[in-house]
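A.B. asks: following is a predicted model, sequence given first.
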Amino acid sequence: MAVDPHPDRPWSPTYAAWVDELPRWLGSGVLRSRVPHPQAFGTRTHLLDRAYGVLDNTALHRALDVADVRLVRGLADTVTAETVVLRDGTEIRAHRVIDARGLRPDPALAEQTAFGIVLPTSAAAPALGDADCWFMDWRRDNGTSQTDPPSFLYAVPLSDDAMLLEETCLAGRPGLTQGELRRRLDTRLRNRGVEPPANLEVERVRFPVEAPRHTSDVAAFGARAGLIHPGTGYSVAASLSAVDDVVAALVAGHDVGKALWPWRARAVLSLREVGLAALLRLDPANTAVFFDAFFALPVERQRAYLSGRDDLSGTATTMWTLFRTVPPPIRRTLAEAGIRRS
């Protein structure tokens, strides 16, 4: 049984992932677009040797077949280990409940915010220059100074004919406001010769990049279970990849939390939380330099940190390599973040 207020409605936000993160059972047909070599810009250009894709929400919704599942239309209000009470008062009892309601913004949690617009590819071209996709573009042509909290341009193709251009605050407590991000995006686009027409499709983003420690006796999944990367905010691919572990645990009658969080995964999460603490403490003037150092790492080191949810050795090696590579002021910030998290 599954409870969903709109089970037939595909999701509306733009979801993307590194292609090699997606589980094989999903198939390539769920991708709306695919970029073999996205680029990043700190103080210089980096060509990333790793394919990046935007998910087709309709195809993804169709691929997650629930034909054999009893669907209950409703909004869960109260959840316990064996009971769900809907907002209309309906009570549903189950042998085991999995809470996958996601996370709401919380002042105590670091969050990612973004404001974006969708433009025809031809109209967006001046903002991208020679790039097919900007995974991150930290240039300060968005009207900010070196002392302002930084934000980057995220520019990805949604199809052959449409581009999403998004001004993004990677992590903040709180994140930058929609109004500020919109102002920065407008300034950046004007400086690159793009004049967006009125009445464009827009996208507003705000979600926590960290989850509170799970203390409930209710099994959780997805972002609510902490399957969200504290340093990037990505969670969809990690959640899809964890489905098999959860199903196997349910079939065997095992604890879902333990299946999701073996000790290596817990240790990796702790290291990633150190990374988030460092991002929140990083001097705005050093942000672009920090990402220059990260994207100069070999792709296997980048992949270990960005995607290796239980790759403890790879994550630790990447963080140590980055620590040795960055300039002394950034190294001090990383060290202080590690000390405060220990």
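C.D. replies: Done, it's in. Numbers count the residues shown, from 1 in each chain.

A.B. asks: ok, the residue nearest the centre of the chain - contacts?
C.D. replies: In the chain, the centroid-proximal residue (Cα atoms, centre = their mean) is Tyr234; its distance is 2.1 Å. For Tyr234, the contact set (Cβ atoms under 8 Å, 6 or more residues apart in numbering) comprises 17, 228, 306. (Glycine included, C-beta is placed from N, CA and C.)

A.B. asks: what do you get for Arg44?
C.D. replies: Applying Cβ under 8 Å, 6+ apart, the residues near Arg44 are Asp292.

A.B. asks: and the pLDDT at it?
C.D. replies: pLDDT for Arg44: 97.

A.B. asks: now it: how far from Ala293?
C.D. replies: Distance of Arg44 to Ala293, given as Cβ to Cβ, to the nearest Å: 11 Å.

A.B. asks: ok, now Arg264?
C.D. replies: Counting by Cβ to Cβ - Arg264 and Ala293 are separated by 26 Å.

A.B. asks: with Arg101 instead?
C.D. replies: 37 Å.

A.B. asks: of the two, which one has the most company?
C.D. replies: Higher neighbour count among Arg101 and Ala293: Ala293, with 18 against 14, using other Cβ atoms under 10 Å.

A.B. asks: please, which helix or strand holds the more buried one?
C.D. replies: helix 287-295 (DSSP states H and E).

A.B. asks: packing partners of that helix?
C.D. replies: helix 299-307, helix 312-325, helix 328-341 (3 or more Cβ pairs under 8 Å, 6 or more residues apart in numbering; DSSP states H and E).

A.B. asks: burial measure for the closest residue to Asp292 other than its chain neighbours, as a count.
C.D. replies: Sequence neighbours aside, Gly42 is the residue nearest to Asp292 in space, at 3.5 Å (criterion: Cβ to Cβ, 6 or more residues apart in numbering). Applying other Cβ under 10 Å, we find 21 residues neighbouring Gly42.

A.B. asks: next: Gly129.
C.D. replies: By other Cβ under 10 Å, 13 other residues sit near Gly129.

A.B. asks: equivalent analysis for Arg173, please.
C.D. replies: Around Arg173 there are 15 other residues, counting by other Cβ under 10 Å.

A.B. asks: for it, give its distance to Thr121.
C.D. replies: From Arg173 to Thr121 the distance is 35 Å (Cβ to Cβ).

A.B. asks: surely Pro126 and Glu195 touch.
C.D. replies: No. Shown here, Pro126 and Glu195 do not form a contact pair, counting by Cβ atoms under 8 Å, at 9.7 Å.

A.B. asks: with neighbour numbers in mind, choose between the two.
C.D. replies: Ranked by neighbour count (other Cβ under 10 Å), Pro126 and Glu195 place Pro126 first, with 13 against 9.

A.B. asks: skipping adjacent residues, who's closest to that one in space?
C.D. replies: Nearest non-adjacent residue to Pro126, counting by Cβ to Cβ, 6+ apart: Gly193, 4.2 Å away.

A.B. asks: what does the one you found show for phi and psi?
C.D. replies: Main-chain dihedrals, Gly193, degrees, to the nearest 10: phi 80, psi 20.

A.B. asks: my read: it touches Ala125, true?
C.D. replies: No. When contacts are counted by Cβ under 8 Å, Gly193 is not listed as touching Ala125 (9.4 Å).

A.B. asks: and the two? Which one has more around it.
C.D. replies: Per other Cβ under 10 Å, whichever of Gly193 and Ala125 has more neighbours is Ala125, with 15 against 9.

A.B. asks: Gly275 versus that one, what's the distance?
C.D. replies: 34 Å.

A.B. asks: go on, Val84?
C.D. replies: Noted for Val84: a distance of 35 Å to Gly275, by Cβ to Cβ.

A.B. asks: more neighbours: these two, which one.
C.D. replies: Gly275 (24 against 21).

A.B. asks: ok, the closest residue to the more buried one other than its chain neighbours to Arg281 distance?
C.D. replies: Closest residue to Gly275 apart from its sequence neighbours, by Cβ to Cβ, 6+ apart: Gly231 at 4.4 Å. Distance of Gly231 to Arg281, given as Cβ to Cβ: 13 Å.

A.B. asks: check Val236 too.
C.D. replies: 28 Å.

A.B. asks: when the two are compared, which one has more neighbours?
C.D. replies: Val236 (20 against 13).

A.B. asks: that one contacts Pro13, correct?
C.D. replies: No. The criterion here is Cβ under 8 Å, and Val236 misses it with Pro13 at 9.6 Å.

A.B. asks: and the chain, what are its domain boundaries?
C.D. replies: Following automatic domain parsing, one gets these domains for the chain: 2-27+56-103+215-260, 111-208, 263-341.

A.B. asks: so which of these comes closest to Arg34?
C.D. replies: Among the domains of the chain, domain 2-27+56-103+215-260 comes nearest to Arg34, with 6.5 Å by Cβ to Cβ.
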